[in-house]
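*Asks:* how does the following fold in three dimensions:
(8 chains)
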Protein chains: 8
Amino acid sequence: MTDLKRLLQQVIDGNIDAEEAERIIREANAPPVANLGFAQLDLERERRTGFPEVIFAEGKTSEQLLAIFERLTQSLDRVLATRVTPEKAALVTASVTNVTYHEAARALTWFRKPIAHEREGYVAVVCAGTSDVPVAEEAALTLECFGSHVERIYDVGVAGIHRLFARLDLIRGASVIIVAAGMEGALASVVGGLVDKPIVAVPTSVGYGASFGGLSALLTMLNSCAPGVSVVNIDNGFGAGYNAALIHKQIAKRE
Amino acid sequence: MTDLKRLLQQVIDGNIDAEEAERIIREANAPPVANLGFAQLDLERERRTGFPEVIFAEGKTSEQLLAIFERLTQSLDRVLATRVTPEKAALVTASVTNVTYHEAARALTWFRKPIAHEREGYVAVVCAGTSDVPVAEEAALTLECFGSHVERIYDVGVAGIHRLFARLDLIRGASVIIVAAGMEGALASVVGGLVDKPIVAVPTSVGYGASFGGLSALLTMLNSCAPGVSVVNIDNGFGAGYNAALIHKQIAKRE
Amino acid sequence: MTDLKRLLQQVIDGNIDAEEAERIIREANAPPVANLGFAQLDLERERRTGFPEVIFAEGKTSEQLLAIFERLTQSLDRVLATRVTPEKAALVTASVTNVTYHEAARALTWFRKPIAHEREGYVAVVCAGTSDVPVAEEAALTLECFGSHVERIYDVGVAGIHRLFARLDLIRGASVIIVAAGMEGALASVVGGLVDKPIVAVPTSVGYGASFGGLSALLTMLNSCAPGVSVVNIDNGFGAGYNAALIHKQIAKRE
Amino acid sequence: MTDLKRLLQQVIDGNIDAEEAERIIREANAPPVANLGFAQLDLERERRTGFPEVIFAEGKTSEQLLAIFERLTQSLDRVLATRVTPEKAALVTASVTNVTYHEAARALTWFRKPIAHEREGYVAVVCAGTSDVPVAEEAALTLECFGSHVERIYDVGVAGIHRLFARLDLIRGASVIIVAAGMEGALASVVGGLVDKPIVAVPTSVGYGASFGGLSALLTMLNSCAPGVSVVNIDNGFGAGYNAALIHKQIAKRE
Amino acid sequence: MTDLKRLLQQVIDGNIDAEEAERIIREANAPPVANLGFAQLDLERERRTGFPEVIFAEGKTSEQLLAIFERLTQSLDRVLATRVTPEKAALVTASVTNVTYHEAARALTWFRKPIAHEREGYVAVVCAGTSDVPVAEEAALTLECFGSHVERIYDVGVAGIHRLFARLDLIRGASVIIVAAGMEGALASVVGGLVDKPIVAVPTSVGYGASFGGLSALLTMLNSCAPGVSVVNIDNGFGAGYNAALIHKQIAKRE
Amino acid sequence: MTDLKRLLQQVIDGNIDAEEAERIIREANAPPVANLGFAQLDLERERRTGFPEVIFAEGKTSEQLLAIFERLTQSLDRVLATRVTPEKAALVTASVTNVTYHEAARALTWFRKPIAHEREGYVAVVCAGTSDVPVAEEAALTLECFGSHVERIYDVGVAGIHRLFARLDLIRGASVIIVAAGMEGALASVVGGLVDKPIVAVPTSVGYGASFGGLSALLTMLNSCAPGVSVVNIDNGFGAGYNAALIHKQIAKRE
Amino acid sequence: MTDLKRLLQQVIDGNIDAEEAERIIREANAPPVANLGFAQLDLERERRTGFPEVIFAEGKTSEQLLAIFERLTQSLDRVLATRVTPEKAALVTASVTNVTYHEAARALTWFRKPIAHEREGYVAVVCAGTSDVPVAEEAALTLECFGSHVERIYDVGVAGIHRLFARLDLIRGASVIIVAAGMEGALASVVGGLVDKPIVAVPTSVGYGASFGGLSALLTMLNSCAPGVSVVNIDNGFGAGYNAALIHKQIAKRE
Amino acid sequence: MTDLKRLLQQVIDGNIDAEEAERIIREANAPPVANLGFAQLDLERERRTGFPEVIFAEGKTSEQLLAIFERLTQSLDRVLATRVTPEKAALVTASVTNVTYHEAARALTWFRKPIAHEREGYVAVVCAGTSDVPVAEEAALTLECFGSHVERIYDVGVAGIHRLFARLDLIRGASVIIVAAGMEGALASVVGGLVDKPIVAVPTSVGYGASFGGLSALLTMLNSCAPGVSVVNIDNGFGAGYNAALIHKQIAKRE
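*Replies:* As a prediction, this is how the structure comes out:
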């Protein structure tokens, strides 16, 4: 907005007339958007919210996904697409160079230059069972894509709680902790009672019957008796990773 | 039913005629019921199901409660009434001698002769927080009323899991374990992963917001990843105690 | 922990130095886990909880199932995998010798030595209709796998209650009773009013419309007016069998 | 509508002109309504639907209830008001002569002439527990008010199923059967499997925890495996009685 | 039970000894059941509940369906199977002679002798839209199978209420009325306000979004402000037909 | 924004320097808000959204309500507060002159000058039963407060549909129609099939049992088979009135 | 109805006798319906409700769709079918001339004469994300089919709210605004706070996990703190378009 | 654990014998708990989880609250009790010196020494409406109690979004942002799209009808299309504050 003063000075100096100045001021408030008709790509999201726009591929046609992916590679330094089926992924990897498909995380990534861990410390991604791994991987990949180092601690659910205690030092050393769990989702509360770090809990839809598609784990995590736990949507590994990255970035910024 | 053969022999011997015999056979199949009009008291439930009828006072008027309580003291050796408000309790204790009101458990008991622990071993009643104590006490009192020794292990929720570990030997030594917990109810799963005894889990309505009156804890317990856990209704301390007593009685019977 | 005193004596005797002693003490608290990366197999679960780890195949890839199955056959005497589709089963039976696929129960079993009924008495597995049989079979197989004798009483729902009464003596003679029922799930309450044994009720997802995937039967069983009934998750035949086995084992231990 | 032909004849005969005839035809289609401003009383409901309008007192002020009650006594031969609190009842009984308040049924009745059982046979009103009596009484009173004889069979829930069998002949002899039950509501299915008469099931809100205000009993009854069962709203004793009266009236009409 | 007196006389007369008499009495209480292992066919249901056992094909394998169907044709005069897919139907029609598949109703029927309308009057089967026809047809076929004449009044939903009024005389003339409707299910209330006959309402799962699989129509019907309406499960055309048949049979019996 | 050009001209003319111009431009984008600490009153809402801010009194203390009410009378020409209990109303009417409490609508109004019907035509406010009147009155009062003429058509529910037909011409003549109904809420669909005007449906919480606090009526209205119906929140008479006023105002604007 | 007076005059004049007159009067009240057996087509809906009957293709067979579509082209000037799969569309376009399939909107249209924008002004159709486009297109097509001009403003969700502000003038200029949004559906509230036009909000089923098939967006919109918002069913683009068309038509009628 | 090496050295040196060493090692693993019978106070929670145990007063009797509060003042430097009614607060403030009751936040605090802002930067606590203030205040007080500076930005809901934009710089400057909102809860998503800081969203139970006690706002926040948002339980101001404090502490630790 120091730009504004400079502009007004130009008006005063007679270099720009009032009408032109008005148009410039208006446009300055309209941030760049790439208009694809069916999509308005938010090109300055990174400046505004800390990380660039990410493509949620579910509900988009392969053609839409490809068009958005290609357009973003022109403007951004890194592109992440989540919830990508192998079929959609095949189309994108065939059309765009240097795209990687991460099968376990069901995600595509593209980087203008090699990815680097941009900050000190790490985020611990903990999951309760083998079936929770895809959600955990989505979180981990999101973190790595946004520059955080990740430590994976998988299959340490409370049915065999010694598996958790065996890895507790690694969990405690993290700046932020993500806990992904389905079924009854008790793992988040247990970890919450043992650490002094913020926990982002992500319920998964793993389970059957009265798990009601992840509702059980979601309610468990929301009602956690251990207070350091906040929650994202069921199966939202991306959201958990994004949250943790925002926190981690804050911590590192001050270093 | 060896009675039936004896009866038929009497018919053969001419001591009883056919019409009388028919009447006797019919009545023999109609077990004794005390008819109070608004209630049909099931006087032989103990013989059939192992323990006598218990009065659920909620939804009954003080007068109905009193009438049922008095009638049962005539036929049974022990009477238990649950969900009794102090007001209703005052009426009963004023009218029936030797009745005790257990305020914490919100229950009334009456015994023809002093209560005794009728079997070896004990049942552990574990609860997560101070607010779960009324439900835990209802379970404990039911067990004691039906002849089991009880060990109470209260306020050992997973937010401070070392409190649980400190009492683990006592819990592991039980024949059956009851776990009462509200909020996210994770305690049942954690205990379930640490012991080799059957667990009867009772969710409580302790909590607020997304605990939805105990639904959260109920779903947690039903989805427990530790398999030794079965569940009763929300706040159903009586049901948990009754279940545990049935199991404990079975174990002791063989001793 | 008498081991601890012995260790300390060795330290006193100078056979072990302090650093080495510290390492030994730490490791002694870490029970054996088989690390497959995507899974941490809990090899000592049988010692801790009474029965060995069981594989829940749903949500695992065929490759993960096979790897876990094979690894467990190395360390355990019996391996049970539930929720196994015929496709996954085919892969395992082709790769591991002596594995049996139980189609009705959708389960795989493997035994180092022939299975034996390890204890006296039996568990009654009762189901309401033909469509509930798969869940009942999962329960029955789990029980047999863990050494209990099972009596199957199938298709005796309350729409024709005489079918139940005709089998009542067999049900009453059991140490524990499992009742599987879908639709309105009333069978559990009816049996509960007729026996003096603990009942583990398992609601099934059989039904349509307002059965809401088993919710109706689940609520019925949780609200049973007959108090000897506890409940496991919808379609959780394994959990019902495991619970009953834990109880049955307790009863037999004392014999 | 033979009236219409007569009217047209009068037009032909010149006794009525066309404009007047049009007005008469229009009004003939507008059945009599008593307009109280806040209420439009449907005075011809009996002719149209078989029974007169009944006052649902809940949500109406005492003044509204009184005004409606008084107005109906002018036009109808019998007036029934349900869901009447003792306070509201006191106002009406003080103002209108010959009104009776039925406390157990929470209902007011008024009859121009003494009530009579208008038809042969009877309706059986069955309820599971003492706490279900108010709903059962509302049903029974509605039936009696509409001219059916009622047999009450109370407190015969499935926890002591012999109490039901002891009364089965009386239940089987009815033209229609109403079954009121709370908690798990299994009684409707059990009765449904034993009789050849239509059953109107009314779930009650009796229960706690996972009964969710009667939802559990409602779902049980909707999913009944015995097919002769239809269901009305939770606690809707009036609706059950009305339904049964409609059926009973049909049966008797042919006698 | 006059049989009992005769039996006892034979015992008195020395024709039967006590042991044999006991066996006879016991068996007399065990009604005939055809045991197929996975199914206990209730052969005397017609005598007990008015109509014979009906096969619910959903959740049964083709082999189970065929075995049950064949067995019932040996003992019953009419066999009805509902929820039969075309694939399952093909197997049965290929194996059993004289079986008819009703595609619209998704049902199979078999009759020992030609079907006849066994009673006077008729049942009106009304449905709101074209998509509700399969449920309506299941109800109509059930009625016809059990001897009632049916009048079908289809696609008369409240969005064009004049279509209903045009058919009102036919509806009013019925002994019982079935109303099938999905979406908001308002048709049942509207019909209920216009007739003096009992209505069995059957909500259908027709709709999308906030119809939640028929829940919306179900709640509408349960909360009907017109009192003559009782309700069966979502999509339960069979249950509605069975109910109506029970009522219709009662009415006709007295004729 | 022609202001902007003028401002820039002043900058060019040297009457305003750049810094001052920047400040003016920033403030011009900050619309007037009255800051009460606990509340930020939106004083320009009328200009932006067509009608001024309305006070929702529920959840506010009497003191907060009074402070907000007083402050708004200083800046606005009309003030409306909804969901006002008689106790809160008494405080406001005692402190502010010319305030009227509308008991049936539970609302307070204040006008700087006498209220006038500001536009041609009228809005029909229709309700199903006497208990729905408070919600209907809230809608009607909101409309009158915002300058629309209202016609009230109350107690015309579908149980006596002729009451509706008797008033149909009045309903059809409206510019917009509001339909308030509880229980099963069928009235909205029926009206929707009979008129060519937009309907704003407002479900009420009138009912019991499976009405689930208005959920039944809400779902009915959302699933209406008559397409001209849109819906607001349960009991949201204000929202319905506001919507209808917005539509009515649009229609009149063009006149 | 002036026809009625004319008819009566003919009766008076002796040209028509009373019986014939009665028949004519009755039929005059029965509006034209095209009876296809499985469907009663409401041919005069346009006169009664403003727009002609629209075909909801979901749940109808291809044959039923085709038969209805063909029949309507005979009587109406424009035919719209929604929820048409490409397979069903292919059948109709092959059989009926001049039918267009709109793939994005999943709808078929047919016009007797070219479509024209029948009224001034326009409706703004706003959607939050690319995945919401099909629902938005269904709304837009419905509007265009019924004669309204539409402005599409797509992919302007609140995650990048500047995209909305950039299009705000276009939105504000509309007569009515439709807002389609899935996930959390916040867009409707935000737009509602910025405009003085009625908003018809349509929640979409876009999302996963705790969006529960659109329930989240539905509740958001029903609870909107901005009062100018009314809501239609989840994914009901047609209903939103129809509503907006009804409003728009009203506004234009007065022009 | 360097203590362990030192201890072992003492054993080697003969200063401590093996038995004593074993006892010391065991006790070292049992952290200090204050046993009040009904409560096991977790005295070392601060060391383990970053902040000391906080008292949740709901569901505890006044006596229990007082006893716990007093005991904690002996061991801790600061005591916080939430969900304290004025009645319970009066008892505590009368008995314990230097206790402050915060009425708006419904909380009690006690500090051994004056509270200080322990770290740089601040947390922004934003709420949507006046009725959300109690929840926001609970969050703010928790933060202040744990040493964070708080900026309060209240009543800036999306119905008047310019109120939010006017305070955006203050919000953007925070280290962490808490957003409390009821009704539709859209504020969290809107803020999430505008900032680059982690947001802890807390849904409130403010609202009525289809807000279902805060469920609507909860689902909105879980489904937020802006990814930087994580969620705590409904009305859980404490949990939001605790979470934000954990994050803020991490950020400051590195400074």
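
*Asks:* tell me, how many residues neighbour residue A:228?
*Replies:* 26 (other C-beta atoms under 10 Å in any protein chain shown). The way it works is simple: take the backbone N, C-alpha and C, and place the C-beta from them, glycine included.

*Asks:* the one 10 residues further on now?
*Replies:* The local packing of residue A:238 (other C-beta under 10 Å) involves 25 other residues.

*Asks:* same deal with the one 4 residues further on?
*Replies:* Applying the criterion other C-beta under 10 Å, we find 29 residues in the vicinity of residue A:242.

*Asks:* so it sits right up against residue H:226, yeah?
*Replies:* No - if you go by C-beta atoms under 8 Å, residue A:242 and residue H:226 don't touch, sitting 9.7 Å apart.

*Asks:* shared neighbours, the two?
*Replies:* Between them, residue A:242 and residue H:226 share no contacting residue under C-beta atoms under 8 Å, 6 or more residues apart in numbering or on different chains.

*Asks:* from residue H:121, how far out is the closest residue to chain H within the stretch 151-255 of chain A?
*Replies:* Among residues of the stretch 151-255 of chain A, the one nearest chain H by C-beta to the nearest C-beta turns out to be residue A:196. It sits 3.3 Å away. Computed with C-beta to C-beta, to the nearest Å, the distance linking residue A:196 and residue H:121 is 19 Å.

*Asks:* nearest to chain D: which residue in chain A?
*Replies:* Of all residues in chain A, residue A:210 sits closest to chain D, at 10.7 Å by C-beta to the nearest C-beta.

*Asks:* wasn't that residue part of a helix?
*Replies:* Yes - according to DSSP: H, G, I helix; E, B strand; the rest coil, the state of residue A:210 is that of a helix.

*Asks:* wait, it touches residue B:221, no?
*Replies:* No - judged on C-beta under 8 Å, residue A:210 makes no contact with residue B:221 at a distance of 9.5 Å.

*Asks:* what about the residue of chain A closest to chain D, how many residues close to it?
*Replies:* Using other C-beta under 10 Å, the number of residues around residue A:210 comes to 27.

*Asks:* mind checking how far it is from residue C:205?
*Replies:* The spacing between residue A:210 and residue C:205, counted by C-beta to C-beta, is 10 Å.

*Asks:* can you list residues touching both of these two?
*Replies:* Counting by C-beta under 8 Å, 6+ apart, the residues touching both residue A:210 and residue C:205 are C:214, C:234.

*Asks:* OK, contacts around the residue lying closest to residue A:224 once chain neighbours are set aside?
*Replies:* Excluding the flanking residues, the one nearest residue A:224 by C-beta to C-beta, 6 or more residues apart in numbering or on different chains is residue A:189, at 4.4 Å. Contacts were defined as C-beta under 8 Å, 6+ apart; by that measure residue A:189 touches A:220-221, A:224-226, A:229, B:158-159, B:184, B:186.

*Asks:* can you tell me which helix or strand residue A:189 belongs to?
*Replies:* When elements are assigned from DSSP states H and E, residue A:189 belongs to helix A:187-192.

*Asks:* and the helix or strand following that helix, anywhere near chain H?
*Replies:* Stepping forward along the backbone from helix A:187-192, the first helix or strand reached (DSSP H and E) is strand A:199-203. Yes - Strand A:199-203 is in contact with chain H by C-beta under 8 Å from any C-beta of the partner chain, via residue A:200.

*Asks:* pull up the pairing partners for strand A:199-203, direction included.
*Replies:* Each strand pairing with strand A:199-203, determined using DSSP bridges, is listed with its direction: strand A:176-181 (parallel), strand A:229-231 (parallel).

*Asks:* of those, which stretch is the most buried?
*Replies:* Among these, ranked by average contacts under mean count of other C-beta atoms under 10 Å in any protein chain shown, first place goes to strand A:229-231 (a mean of 32).
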